[in-house]
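K.L.:
Generate coordinates for the sequence data below:
(chains A and B)
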There are 2 protein chains.
Amino acid sequence: MTITSLENDKVKKFRKLQKRKYREEYNEYIIEGHHLILEAFKRGAILELIVLEGKDTPVPAPYNYYSYEVMKKISAMDNPPEVMALCKMLDIDNDIKGDKILVLDEIQDPGNLGTIIRSAVAFNIDTIVLTENTVDLYNPKVLRATQGMFFHINIITKKAMDLVLLLQNLGIPVYGTDVCGGFDVRDLEPEEKEKFALVMGNEGNGVRQSIKEQCTKNLYIEMNRNVESLNVGIAASILLYELGR
Amino acid sequence: MTITSLENDKVKKFRKLQKRKYREEYNEYIIEGHHLILEAFKRGAILELIVLEGKDTPVPAPYNYYSYEVMKKISAMDNPPEVMALCKMLDIDNDIKGDKILVLDEIQDPGNLGTIIRSAVAFNIDTIVLTENTVDLYNPKVLRATQGMFFHINIITKKAMDLVLLLQNLGIPVYGTDVCGGFDVRDLEPEEKEKFALVMGNEGNGVRQSIKEQCTKNLYIEMNRNVESLNVGIAASILLYELGR
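P.N.:
Take a look at the predicted model:
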């Protein structure tokens, strides 16, 4: 049987999950497309599949069929995919694990956050810390931009305020960024890359002053003087690439 | 006087310019926001300003005032900016200049193209070559993502077919990318970075096989094996960063 009504209780709930408020209330979220579903399945995160009528289920899980019109209303994309899934947020203990840490403070653009998560996995970061004003990890555009890498890394949330002190108490040097007058990342000694927490700030404003002042070093990527700054996703990725050398 | 009608001839033309077809017919395009307008003004590209009623003109140029509702219909953003501008495409001779070249073949996402242009200026690329199937440079989302850097670099268009041969005839080694089994970009000799053309391919498929086969080397960024690939904007930027060392 195909669900065709927007008044269906499941459909009503899936549409509510488009909002962060409800994702946090239910501890559930929606993912879209085969690739993410395969990764979520490996992690045991799938509760049920939302399948376009006439299409196959990509993994063994409970499922229902839905009409194209209903899929369109559930999806965050202009063209809904053939399959979506309701997922549960995994229980995590919210601890900093490992000694290669990335802190994202007030990143606003979902595409940037997703891309940075993908790069963080590529360059062997152990834990990503999101501060309170960063865009929601479970925003569908964030999840899509991670290309499923979101399921391969420890991602926790902390208040920005005490984070630098907490990291320093763990013996982890904290690096901010400074586009004018920072320390060239190429000049870091190998022992300065053994453990670290890199803090990346907001798209428009960079790392906030109160954090910069507490950092062990503020890093800089050498570039043409005509360019004020790089996209935050690019800057984060180049710094992680260098820190991983 | 404030223009408030969607039937106004200027407004009708500005809205047509949302489509690539008309941008190419008129050789004109729209930019949005103060930052891009300042950069366009320095290059002499502005024909007229499109100003929200009651707001100031940021640079000396012909202008008209428009109502919020009309601005909203002209703008590509959800919330229109206070000022936009009609610009003319600058006459360029479509020649490859310099010997640090970036070729973008079939890049589809406007944000990726814009971000890569910004990084190319940061890492001192002389010419960017867009092939025939790459997203339109004058797409408003591309222009916005360049953060105005689009006005600081020679950007030309060529057919992909003969490009590698053309570059090799100019004595410029051509580097593709290969996520499995490529040559680690860190192992390039300094003399291999003196002149180069880096080719970046489509988001989903990478550099096409027919181009790869003609390349001097296909480059690779060392990363965690769980990650299939990086976002194309990230990969391009890291390679340009390394090539600029």
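K.L.:
could you pull out the strands for chain A?
P.N.:
In chain A, the strands defined using DSSP state E lie at A:2-3, A:28-32, A:46-52, A:63-66, A:83-88, A:100-104, A:127-130, A:154-157, A:174-177, A:183-184, A:196-200, A:217-220.
K.L.:
Can I get these in JSON lines including mean neighbour count?
P.N.:
Heads up, the C-betas are built off the backbone N, CA and C, glycines and all. Shown next, in JSON lines, are the strands of chain A (neighbours: other C-beta atoms under 10 Å in any protein chain shown):
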{"stretch": "strand A:2-3", "mean neighbour count": "15"}
{"stretch": "strand A:28-32", "mean neighbour count": "23"}
{"stretch": "strand A:46-52", "mean neighbour count": "19"}
{"stretch": "strand A:63-66", "mean neighbour count": "19"}
{"stretch": "strand A:83-88", "mean neighbour count": "22"}
{"stretch": "strand A:100-104", "mean neighbour count": "25"}
{"stretch": "strand A:127-130", "mean neighbour count": "22"}
{"stretch": "strand A:154-157", "mean neighbour count": "16"}
{"stretch": "strand A:174-177", "mean neighbour count": "26"}
{"stretch": "strand A:183-184", "mean neighbour count": "14"}
{"stretch": "strand A:196-200", "mean neighbour count": "26"}
{"stretch": "strand A:217-220", "mean neighbour count": "21"}
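K.L.:
okay, those in a markdown table with mean pLDDT and distance to chain B next?
P.N.:
As requested, the strands of chain A are exported to a markdown table (pLDDT from 0 to 100; distance: least, C-beta to the nearest C-beta, whole Å):
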| stretch | mean pLDDT | distance to chain B |
| --- | --- | --- |
| strand A:2-3 | 96 | 30 |
| strand A:28-32 | 97 | 16 |
| strand A:46-52 | 97 | 20 |
| strand A:63-66 | 98 | 26 |
| strand A:83-88 | 98 | 18 |
| strand A:100-104 | 97 | 12 |
| strand A:127-130 | 96 | 14 |
| strand A:154-157 | 94 | 14 |
| strand A:174-177 | 96 | 14 |
| strand A:183-184 | 96 | 12 |
| strand A:196-200 | 97 | 13 |
| strand A:217-220 | 96 | 12 |
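K.L.:
With distance to residue B:108 added, can I get those in a markdown table?
P.N.:
Below are the strands of chain A laid out as a markdown table (distance: least, C-beta to C-beta, whole Å):
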| stretch | distance to residue B:108 |
| --- | --- |
| strand A:2-3 | 32 |
| strand A:28-32 | 18 |
| strand A:46-52 | 23 |
| strand A:63-66 | 28 |
| strand A:83-88 | 22 |
| strand A:100-104 | 26 |
| strand A:127-130 | 28 |
| strand A:154-157 | 28 |
| strand A:174-177 | 30 |
| strand A:183-184 | 34 |
| strand A:196-200 | 26 |
| strand A:217-220 | 32 |
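K.L.:
With respect to residue A:190, which of those lies nearest?
P.N.:
With distances scored as C-beta to C-beta, the stretch of these nearest to residue A:190 is strand A:196-200 (11.8 Å).
K.L.:
how many degrees apart are the closest one and strand A:100-104 in direction?
P.N.:
20 degrees (axes from the mean of the first three to the mean of the last three C-alpha atoms, to 10 degrees).
K.L.:
Sheet partners, orientation included, of strand A:196-200?
P.N.:
Strand pairing for strand A:196-200, using DSSP bridges, gives strand A:100-104 (parallel), strand A:174-177 (parallel).
K.L.:
Next, the contact list for residue A:175, please.
P.N.:
Counting by C-beta atoms under 8 Å, 6 or more residues apart in numbering or on different chains, residue A:175 touches A:196, A:197, A:198, A:199, A:215, A:216, A:217, A:218, A:219, A:239, A:243.
K.L.:
Those residues into JSON lines, with extra columns for distance to residue B:5?
P.N.:
Below are these laid out as JSON lines (distance: C-beta to C-beta, whole Å):
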{"residue": "A:196", "distance to residue B:5": "58"}
{"residue": "A:197", "distance to residue B:5": "56"}
{"residue": "A:198", "distance to residue B:5": "52"}
{"residue": "A:199", "distance to residue B:5": "50"}
{"residue": "A:215", "distance to residue B:5": "54"}
{"residue": "A:216", "distance to residue B:5": "59"}
{"residue": "A:217", "distance to residue B:5": "57"}
{"residue": "A:218", "distance to residue B:5": "52"}
{"residue": "A:219", "distance to residue B:5": "53"}
{"residue": "A:239", "distance to residue B:5": "50"}
{"residue": "A:243", "distance to residue B:5": "56"}
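K.L.:
Closest one to residue B:127 out of those, please.
P.N.:
Of those, the one sitting nearest to residue B:127 (C-beta to C-beta) turns out to be residue A:239, at 27.4 Å.
K.L.:
Touching, that closest one and residue A:221? I think so.
P.N.:
Yes: the criterion here is C-beta atoms under 8 Å, and residue A:239 meets it with residue A:221 at 6.9 Å.
K.L.:
any common contacting residues for these two?
P.N.:
Listed contacts common to residue A:239 and residue A:221 are residue A:185; contacts here mean C-beta under 8 Å, 6+ apart.
K.L.:
Comparing those two, which residue is more hemmed in?
P.N.:
Set residue A:239 next to residue A:221 and count neighbours by other C-beta atoms under 10 Å in any protein chain shown: residue A:239 wins out with 24 against 21.
K.L.:
separation between the more buried one and residue B:194?
P.N.:
Distance, residue A:239 to residue B:194, by C-beta to C-beta, to the nearest Å: 26 Å.
K.L.:
ok, back up a step: tabulate the strands paired with strand A:196-200 in JSON lines, adding columns for distance to residue A:91.
P.N.:
Below are the strands paired with strand A:196-200 laid out as JSON lines (distance: least, C-beta to C-beta, whole Å):
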{"stretch": "strand A:100-104", "distance to residue A:91": "21"}
{"stretch": "strand A:174-177", "distance to residue A:91": "28"}
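K.L.:
Can you say which of these is nearest to residue B:37?
P.N.:
strand A:174-177 (27.7 Å).
K.L.:
how about that closest one as CSV, C-alpha atoms only?
P.N.:
C-alpha atoms of strand A:174-177 as CSV (Å, rounded to 0.1, in the frame of the first residue of the first chain):
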residue,chain,number,x,y,z
VAL,A,174,44.9,24.8,20.9
TYR,A,175,45.4,26.5,17.5
GLY,A,176,43.2,29.3,16.3
THR,A,177,43.4,31.1,12.9
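K.L.:
and of the strands paired with strand A:196-200, who's closest to residue A:49?
P.N.:
For residue A:49, the closest of the strands paired with strand A:196-200 is strand A:100-104, at 30.5 Å, according to C-beta to C-beta.
K.L.:
So what's the gap between the closest one and the chain middle?
P.N.:
Relative to the chain's own centre, strand A:100-104 is displaced by 12 Å; criterion: C-alpha atoms, centre = their mean, to the nearest Å.
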